[in-house]
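Asks: the sequence and its predicted three-dimensional model are supplied below.
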Amino acid sequence: MVAILISVAILLLASHPNGVLAASSEAPNSSTNDATNDDNEYESKIQQALSHHVTKSHQLLERALQEGGVAAAMEIGPDGNVASSTSGGQEELWQAEFALQAVERELKMLKDLKRGGKNKIDDDDDDDDSGDDDDDSGDGEEYDSGDDEEYFSGDDEEYFSGDDGDDYEYEDYSGDVHDELLKDKSLAALLDAIKDKNYRRDVYEEILDEAETKAKLDRELWLEYGYWDLHAYFSCARIFAASRLVYDSETWADLRQYYHAFRKQDKEEMPISEGKPERTYQLTNDVFDPPMEPFQSGEKGRGLKAARDIHKGELVFQATNNTVIFTNGHTWRNFLFAIYERNGDEETTEGDSETTCDVLVWSWVQALVDDGPLVIVADLDNGSLLNEGRFEPGWETPNVRCGKEGDTRCMMSYYATADIKMGDELLCDYREFALLDSWGDMGL
């Protein structure tokens, strides 16, 4: 299978007007040696660009891996190699599939360049200002050989303002934030991976709106950030626009261990007065092995499916020692920032937005007892991946509910409302237990 894909890649190269296998007749009035040299130079540039994509476009690589059917955690090395818990020859196949995507992308950009376009892929953020700004009037076939490793000549810094006027129509937007987003190479790759034009525009609008909100936030006032301020500050819209990996057991254990370290430090810095409730704690010491497993659920992202047949009325999931409670919004907000900054000072080290955004959206507000105070709840295990369903038009029908049939309150135990076949996705109506509009009541 890998050999077939590589053969297709070679055919793609051959189909280009100046392709590696093109005959010298493509360049009339030139010698055969010149044509051969041009072909060799073109082949070298293709290989250079392909290498660039394999090492730099991890989001595209992750998407190719997910389309290959991966449901386990994966790691991508700095050289573009893939490691996963999956055995066999699948990894080689996924890498070949991604190589095809990279070749197709390069061919499209090179064809645009030949038509006079000025698409550019930078390997560095620094621009090469040493050249003449007006020196872009050639035939579009010359490559920049400067140290900044630009693959295409020209001074256009917008990475996803495509020349075709169809795929990336962002001219309707304006403003400083929009202008900065246009220069973002990783965002360009993320959007390029979305094939549906309307969905791609929706994703960009959400990212733009959130980026504009973030630009207005005062970092010194982080103690006053509400739920959606936090969502914007950590750039969660952008994080969830890309495919997210399922956590493996080691990742979950690391997150839970960090929670316990945070809880200990919180107590040391601010001892709890006698008779006062703890600011954060584990709900219970119970353990439970649920009949479910994580998987990639299409547009919904990560989800849970039945690991075996489940009978109606059977217990599917319950709160365990992995369920943590925050009795006030301030402590929960502190926990998010602690996760974000745990790899070092955010001014010198990139923050962990991915884990932070996961914990943020996995949290919800509810009252644990009748007429009791509201608290923030988060499951630091695969239970957080349970997606929502509703008995409403446009929604998938839920097959799990919080509490047994006839219960008036969710007691953190979830039961099957129908017979569920192995492999079926598990869905629950969040409104049965979460107070979706109560973040303000928690000071958020």
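Replies: That came through, no problem.
Asks: burial of Glu268, as a residue count?
Replies: By other Cβ atoms under 10 Å, 8 other residues sit near Glu268. (Glycine included, C-beta is placed from N, CA and C.)
Asks: if I look at it, how far off is Asn322?
Replies: Noted for Glu268: a distance of 23 Å to Asn322, by Cβ to Cβ, to the nearest Å.
Asks: ok, Lys312 to Glu212 distance?
Replies: Applying Cβ to Cβ, the value for Lys312 to Glu212 is 48 Å.
Asks: among the two, which residue is more densely surrounded?
Replies: Set Lys312 next to Glu212 and count neighbours by other Cβ under 10 Å: Glu212 wins out with 15 against 12.
Asks: export the helix or strand the more buried one falls within as PDB, just CAs?
Replies: Secondary structure from DSSP states H and E places Glu212 in helix 197-216. Output of helix 197-216 as PDB, limited to C-alpha atoms (Å, rounded to 0.1, in the frame of the first residue of the first chain):
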ATOM      1  CA  LYS A 197     -15.300  26.300   2.700                       C
ATOM      2  CA  ASN A 198     -18.300  27.400   4.900                       C
ATOM      3  CA  TYR A 199     -17.000  25.500   7.900                       C
ATOM      4  CA  ARG A 200     -13.500  26.900   7.400                       C
ATOM      5  CA  ARG A 201     -14.900  30.500   7.400                       C
ATOM      6  CA  ASP A 202     -16.900  29.800  10.500                       C
ATOM      7  CA  VAL A 203     -13.800  28.500  12.300                       C
ATOM      8  CA  TYR A 204     -11.800  31.500  11.200                       C
ATOM      9  CA  GLU A 205     -14.500  33.900  12.400                       C
ATOM     10  CA  GLU A 206     -14.600  32.200  15.800                       C
ATOM     11  CA  ILE A 207     -10.800  32.300  16.100                       C
ATOM     12  CA  LEU A 208     -10.800  36.000  15.000                       C
ATOM     13  CA  ASP A 209     -13.500  36.900  17.500                       C
ATOM     14  CA  GLU A 210     -11.700  35.200  20.300                       C
ATOM     15  CA  ALA A 211      -8.400  36.800  19.300                       C
ATOM     16  CA  GLU A 212     -10.000  40.200  19.400                       C
ATOM     17  CA  THR A 213     -11.300  39.500  22.900                       C
ATOM     18  CA  LYS A 214      -7.900  38.400  24.000                       C
ATOM     19  CA  ALA A 215      -6.300  41.500  22.700                       C
ATOM     20  CA  LYS A 216      -8.500  43.600  25.000                       C
END
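Asks: which residues touch Val324?
Replies: Tyr259, Thr280, Tyr281, Gln282, Leu283, Val377, Ala378, Leu380 (Cβ atoms under 8 Å, 6 or more residues apart in numbering).
Asks: same list, those, but as TSV with distance to Arg431, secondary structure and neighbour count please.
Replies: Below are the contacts of Val324 laid out as TSV (distance: Cβ to Cβ, whole Å; DSSP: H, G, I helix; E, B strand; the rest coil; neighbours: other Cβ atoms under 10 Å):
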residue	distance to Arg431	secondary structure	neighbour count
Tyr259	27	helix	20
Thr280	25	strand	22
Tyr281	26	strand	13
Gln282	25	strand	19
Leu283	21	coil	17
Val377	15	strand	21
Ala378	18	strand	23
Leu380	23	coil	23
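Asks: so which of the residues you listed comes closest to Tyr247?
Replies: For Tyr247, the nearest member of the contacts of Val324 is Leu380. The distance, counting by Cβ to Cβ, is 9.6 Å.
Asks: mind listing what the closest one touches?
Replies: Counting by Cβ under 8 Å, 6+ apart, Leu380 has contacts Trp252, Leu255, Arg256, Tyr259, Asn322, Thr323, Val324, Val359.
Asks: any idea how far Cys236 is from the residue lying closest to the fifth one once chain neighbours are set aside?
Replies: Yep, that's Asn322 we're talking about. Once flanking residues are discounted, Asn322 sits nearest to Asp381: 4.1 Å by Cβ to Cβ, 6 or more residues apart in numbering. Applying Cβ to Cβ, the value for Asp381 to Cys236 is 20 Å.
Asks: report the contact partners of Lys312.
Replies: Lys312 sits next to Ala416, Thr417, Ala418, Asp419 when contact means Cβ under 8 Å, 6+ apart.
Asks: give the buried subset of those as a ChimeraX selection command.
Replies: The ChimeraX command for the buried members of those (criterion: 16 or more other Cβ atoms under 10 Å) is given here:
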select :416,417
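Asks: out of the contacts of Lys312, what pair is the most spread apart?
Replies: For the contacts of Lys312, the farthest-apart pair by Cβ to Cβ is Thr417 and Asp419; their separation is 9.6 Å.
Asks: contacts made by stretch 385-403 with the rest, please.
Replies: Residues from elsewhere that reach stretch 385-403, judged by Cβ under 8 Å, 6+ apart: 246, 294, 297, 300, 302-304, 316-317, 409-418, 420, 424-433.
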